[in-house]
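Participant: have a look; sequence and predicted model below, questions after that.
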Amino acid sequence: MKKKTLLIMAFIAILPVLAVIYLFVLKQSDVRPKPSAPSERVPGEHVNDPRNHVSAKPSAEDIKKAQEEKMRKEQIEKLTAAANKAIEDKDWEGLVNILGEIAALSPSDDNNAKIKSAQALLKAKKDAEEEALKKNFQSHYDMAESLCKAGKWDDAIKEYKAAMEFAPQYQGLLSSGIHFCETRKAETAAEIQNLFAGANEFLVAGKYLPALDNIEKILGYDSADKAVLELKNKIFDEFLLKDMAFVKGGEFLFGPADKTVKIYMQDFYIDKYEVTNARYREYINDAKAVPPKTWPDGKMPDEIANLPVTGISWKDADNYAAWAHKRLPSEIEWEKAARGEDGRAYPWGNEFSKDLCNSAENGLASAAAVDSFSAGISPYGCLNMAGNVAEWTSTKYGDNPGENDVSMRQFRVHKGGSFLYSADKVTAFTRALENSVVPLIGCGFRCAVNR
């Protein structure tokens, strides 16, 4: 249907030219006998005098010419009827060919020139139409291939069928693509069913991370099945968001007191506590990752189980977050979780107190348990966001204006300060930069996630 529409539109544009040529050729081909010149006669003679009539027998050549002329006229009449039929059928290419035959039977330089001009115009229109069809085919075919690679089988099938409308000569190739998509669609449905059943089995066994792995694989197939989304929400509510604080979106004051700016944030969740050594050990065992530098002989002493994990690089923290189906918070997210919306200097307010955080002032000189100093809780319920251990964020050097030192491209921001820092260095807005691949003894992390 699309191809037919393009054809009609293309040749309607040259119809007036063809019609003029057609009428011109017909006019040129209307060969009528010219009137004979009056015969010379002697003055006084009567034209009807029988003595003046001379009977002449036509020669064989004259008879042959008369027969040829008759055949020529009959052929022109047939071609004229065919031309009318071509116009009725909107067969413009056929019409030009017929006019060319008529012109050949009634030759004229001007007539032939016009026929050639019409033929050239028709060829240009036809070439343009073929190019448009080729482009439309290629566009749909490329889209079908892309969707096929993405596993979007139904959409890919639609594009293959659309491509076939513009290039039926490639039906074999396109049918093969459609067959492949239909086969993979059936296989994918079976894979999704198995993954979903496995996710439920993991959940019953209390293994929420493998269950989430299966859910993420299902969603990777672009499946938005209601039961899948409901199971994901169940895992989030009962497991993933456990011990996480909800940070409501909106504006807050970001940066030092003398340079605060208003920034708008979307909703997100962040861990209430720093990641512990015990939790990090689960990751090490499951992912076969390298233990922290702070563990003797690569083994975690039981007495540090509830202390924040340290001696890790930014890359280590990022890998853990991915394993836990979370991510590292950005510097802005971390700061909002620590100070709320009103721009306070510390999680609890603007006045420093050594009793509310593990800084150099209280003299512990080491990390404390992640649930300690609960009186210094942030507005959103997060602990130890001032002191204890510094915390890696996802923000890298160069994200802020003026950070142009090429040698620091691998550096990442960490926030909050540690037990080694004094009061002015454990504010919510204090930031520091360290090489992302170097493990830091006094640096740990917490994770964030979006619903």
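Facilitator: Sure, I can see it.
Participant: care to break this structure down by domain?
Facilitator: 1-27+69-163, 176-240, 271-449 (automatic domain parsing).
Participant: deepest-packed of those domains, please.
Facilitator: domain 271-449 (a mean of 19; mean count of other C-beta atoms under 10 Å). For glycine as for every other residue, the C-beta is placed from the backbone atoms N, C-alpha and C.
Participant: ignoring the adjacent residues along the chain, who's closest to Glu424?
Facilitator: Not Glu; residue 424 is Asp. Nearest non-adjacent residue to Asp424, counting by C-beta to C-beta, 6 or more residues apart in numbering: Thr430, 7.8 Å away.
Participant: OK, contacts around that neighbour?
Facilitator: 415-417, 421, 424 (C-beta atoms under 8 Å, 6 or more residues apart in numbering).
Participant: now the residues you listed in a markdown table, with pLDDT?
Facilitator: Formatted as a markdown table, those follow (pLDDT from 0 to 100):
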| residue | pLDDT |
| --- | --- |
| Lys415 | 96 |
| Gly416 | 96 |
| Gly417 | 95 |
| Tyr421 | 95 |
| Asp424 | 95 |
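Participant: quick one: which of the domains of the chain is nearest Tyr170?
Facilitator: Each of these has some distance to Tyr170 by C-beta to C-beta; the shortest is domain 1-27+69-163, at 7.4 Å.
Participant: give me the secondary structure label for Ala190.
Facilitator: helix (DSSP: H, G, I helix; E, B strand; the rest coil).
Participant: His414 should be in a strand, yeah?
Facilitator: Yes. Assessed by three-state DSSP, His414 belongs to a strand.
Participant: that one contacts Trp392, correct?
Facilitator: Yes. With contact defined as C-beta atoms under 8 Å, His414 counts as touching Trp392 (5.1 Å).
Participant: what sits in contact with each of these two?
Facilitator: 314, 443.
Participant: can you name the residues that contact Val446?
Facilitator: One thing to correct before we go on: residue 446 is Arg, not Val. 270-271, 273-275, 329, 382, 391.
Participant: and the gap between it and Tyr273?
Facilitator: Distance, Arg446 to Tyr273, by C-beta to C-beta, to the nearest Å: 7 Å.
Participant: shared neighbours, those two?
Facilitator: With C-beta under 8 Å, 6+ apart as the test, Arg446 and Tyr273 both reach Cys382.
Participant: before we move on, the earlier item: which of the contacts of Arg446 sits closest to Ala322?
Facilitator: Val275 (13.2 Å).
Participant: quick one, what contacts the closest one?
Facilitator: Val275 touches 308-309, 317, 320, 444-447, counting by C-beta under 8 Å, 6+ apart.
Participant: and the residues you listed as CSV, adding distance to Ser175, secondary structure and pLDDT?
Facilitator: Putting the contacts of Val275 into CSV (distance: C-beta to C-beta, whole Å; DSSP: H, G, I helix; E, B strand; the rest coil; pLDDT from 0 to 100) gives the following:
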residue, distance to Ser175, secondary structure, pLDDT
Pro308, 60, strand, 98
Val309, 57, coil, 98
Ala317, 51, helix, 97
Tyr320, 48, helix, 97
Gly444, 58, strand, 97
Phe445, 53, coil, 98
Arg446, 54, coil, 98
Cys447, 49, coil, 98
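Participant: pipe those residues into TSV and attach distance to Glu93 per row.
Facilitator: Shown next, in TSV, are the contacts of Val275 (distance: C-beta to C-beta, whole Å):
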residue	distance to Glu93
Pro308	81
Val309	78
Ala317	70
Tyr320	70
Gly444	78
Phe445	73
Arg446	74
Cys447	69
